[in-house]
Every structure is written in C-alpha cells, then in structure tokens.
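**Student:** Everything below, folded, please.
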Amino acid sequence: MSDKVQNCPCPLGYVIRKATPEDCGDIVRMIKELAQHDGLGHKVAITEEKLREDGFGETPYFHCFVAETTPKTSSESRQIVGYAMYFFMYCTFVGRVIFLEDFYVYPQFRGSGIGTELMKRVAQVGVETKCTKCEFIVHDENSSARRFYEKLGAVNSTVEGDWRRFFWYKFDVPSMEKLASRCS
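**Tutor:** Sure, this is the predicted structure:
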C-alpha cells in the first residue's frame with residue numbers, strides 16, 4: 001500500500017491513519033459499541049490482546065484505518081473517534097475483493113465527513129491493490145448506514161440478480177474441529 005493512503009490530514013480537525021497496536025483498546029471499545037447497536041453485544045469475544053495479535057503480528061489477518069482528532073490546543077488530547085477494518089479475500093467469479101468487516105464512527109462525530117474519509121481510504125486501498133469490488137454487510141435495521149453507503153455509490157447486491165437465492169453459512173470452532181478430525 002502506498003504512503004499516500006496512510007496518514008492523511010483532513011480539514012475538520014482529524015486525521016485518518018493506519019491503526020497501530022496501541023489503538024487496539026479504542027478499536028475494541030468501538031467494536032463493542034457497534035455490536036451493542038446491532039443487538040449483538042453478547043456475541044463479542046474479542047480482546048485487545050487478540051486484536052493486537054491478529055492485526056499486528058507476523059501475518060496480519062486484518063488491516064485498519066482509524067480517525068483521530070487533532071487537538072487545537074495543548075490542553076486537548078487526541079481521541080480515536082472511528083475506524084474501518086478490512087481484509088482481502090478472493091472471488092472465483094471476479095478475482096480480488098476487499099471486504100469491509102467493520103466500520104464505525106462515534107455518533108457525536110457523524111455528519112462531519114469522517115465516515116466518508118474512512119470509506120475513501122478503504123476504496124483507495126481497493127483500487128491500489130487491483131480489487132474488483134469492495135463488499136460488506138449491513139444490519140437490515142440500520143437504515144441510516146444503508147443510506148450512507150448508497151449515497152457514496154454502494155449497491156445493495158441482495159436485491160441484484162440471483163443473490164437472493166443464497167444463504168450465508170458458517171462453521172463455529174467446535175464444528176471446524178469435528179470436521180477437521182473426521183476420518184474419510
């Protein structure tokens with residue numbers, strides 16, 4: 001990823017930059033707040049340590065941008081007020097895909113351009129890495145998020161073509177372990 005995507009100053013008293021291991025506490029707090037908003041707070045098991053290990057270890061499993069306020073006076077401190085977490089995957093139909101796993105801006109900072117700038121950085125990474133699309137999931141009840149993404153040009157692919165005929169499945173850890181140890 002090029003340096004132009006990294007620490008970009010923005011006009012409204014904040015900067016969008018790549019997350020660092022020191023940001024993990026703030027990111028976990030926002031993950032929990034987002035999950036709570038979506039009614040899934042009880043499902044969050046991630047810890048600061050696990051996030052640090054998974055995102056900043058030898059093999060990063062995700063990448064992340066944070067939005068950080070820039071103090072106007074020496075008495076003010078910097079504050080992480082939003083994040084965009086993404087990873088890369090592959091689609092056999094079209095090739096490289098950037099997947100936006102999580103995106104959150106504290107409510108009091110919404111409408112200031114922070115969300116748009118975070119999404120812009122993810123899009124820049126997608127373009128620079130030659131991804132064919134950026135995908136993400138939005139809770140069906142989060143109409144304000146859906147309007148935000150659509151305003152930026154995102155298309156709801158669940159209503160496009162044949163995608164309504166597919167279901168999203170998963171294996172949890174016990175199921176993976178059982179399957180992995182299964183004899184042929």
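**Student:** Mean confidence (pLDDT) on stretch 124-140, please.
**Tutor:** The average pLDDT within stretch 124-140 is 93.
**Student:** Hmm, I typed the wrong one, I wanted stretch 48-62.
**Tutor:** So the average pLDDT for stretch 48-62 ends up being 96.
**Student:** who touches that stretch?
**Tutor:** 19-21, 24-25, 27-28, 63-64, 85-87, 101 (CB atoms under 8 Å, 6 or more residues apart in numbering). Yep, even glycine has a C-beta here, placed from its N, CA and C like the rest.
**Student:** again with stretch 88-95
**Tutor:** Contact partners of stretch 88-95, identified using CB under 8 Å, 6+ apart, comprise 96, 97, 98, 99, 129, 131, 132, 133.
**Student:** let's see 6 Å
**Tutor:** For stretch 88-95, the surrounding residues in contact (CB atoms under 6 Å, 6 or more residues apart in numbering) are 97, 98, 99, 132.
**Student:** Next, count neighbours for residue 126.
**Tutor:** 20 (other CB atoms under 10 Å).
**Student:** Filter the contacts of stretch 48-62 down to the buried ones.
**Tutor:** Buried subset of the contacts of stretch 48-62 (neighbour count, 16 or more other CB atoms under 10 Å): 19, 24, 27, 28, 63, 64, 85, 86.
**Student:** Can you lay out those residues as JSON lines showing distance to residue 73 and secondary structure?
**Tutor:** Compiled in JSON lines, the buried ones among the contacts of stretch 48-62 are given as follows (distance: CB to CB, whole Å; DSSP: H, G, I helix; E, B strand; the rest coil):
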{"residue": "19", "distance to residue 73": "25", "secondary structure": "coil"}
{"residue": "24", "distance to residue 73": "27", "secondary structure": "helix"}
{"residue": "27", "distance to residue 73": "26", "secondary structure": "helix"}
{"residue": "28", "distance to residue 73": "29", "secondary structure": "helix"}
{"residue": "63", "distance to residue 73": "32", "secondary structure": "strand"}
{"residue": "64", "distance to residue 73": "28", "secondary structure": "strand"}
{"residue": "85", "distance to residue 73": "31", "secondary structure": "strand"}
{"residue": "86", "distance to residue 73": "34", "secondary structure": "strand"}
